[in-house]
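1. build me a structure from this.
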Amino acid sequence: QVELAESGGGLVHSGGSLRISCAFSGLSFSLHHMAWFRQAPGKEREYACHLTAGGGTGYTDTVKGRFTISRDIARNTLYLQMNSLEPDDTGVYYCAAVHLEHFRGSINQEGSYEYWGQGTQVTVSS
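-> Predicted coordinates:
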């Protein structure tokens, strides 16, 4: 059974930093692509960044240079380090995963992922 659990969200001032985590069970970094998505109030969920099974990373333009996705293989945990946070970064952040054999479409599409966490709230005050 696959489970993903995000944690570490909270309230931070504009310009501040925050690191959120996604602890998981039932899957592995070597066989799954993983990603962070976020959903701002009143908006659709959108792609933020990804980490491929091969260790490659990618970011949407709005977070590039400010966010860093990483992993701890021993702890089965995916991280998102967020720096220079802005009010527009406010939202619920979700981690997602898909097995290599089930991957279809694009790495930045929500529909490409089969497993999701419940999300963690990040609020950036101005």
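2. leaving out the residues flanking it, which one is nearest to Gln121?
-> Setting aside the residues directly before and after it, Gln121 is nearest to Gly9 in space (C-beta to C-beta, 6 or more residues apart in numbering), at 4.7 Å. Where you see a C-beta, it was placed from the backbone N, CA and C, and this is true even at glycine.
3. over to Leu85?
-> Nearest in space to Leu85, with sequence neighbours left out and distances taken as C-beta to C-beta, 6+ apart, is Val124 at 4.6 Å.
4. the one you found belongs to a strand?
-> Yes. Counting by DSSP: H, G, I helix; E, B strand; the rest coil, Val124 falls inside a strand.
5. need the contact list for it.
-> Contact partners of Val124, counting by C-beta atoms under 8 Å, 6 or more residues apart in numbering, are 11-14, 16, 85-90.
6. show me what Gly58 is bridged to.
-> With beta bridges defined as DSSP bridges, Gly58 has these partners: His50.
7. would you mind measuring from it to Thr68?
-> With distances taken as C-beta to C-beta, to the nearest Å, Gly58 is found 12 Å from Thr68.
8. now do Asp88
-> From Asp88 to Thr68 the distance is 18 Å (C-beta to C-beta).
9. higher neighbour count, those two?
-> Ranked by neighbour count (other C-beta atoms under 10 Å), Asp88 and Thr68 place Thr68 first, with 15 against 11.
10. so who does the closest residue to that one other than its chain neighbours touch?
-> Nearest residue to Thr68, sequence neighbours excluded (C-beta to C-beta, 6+ apart): Gln81, at 4.4 Å. Listed by C-beta under 8 Å, 6+ apart, the contact set of Gln81 reads 17, 19, 67-70.
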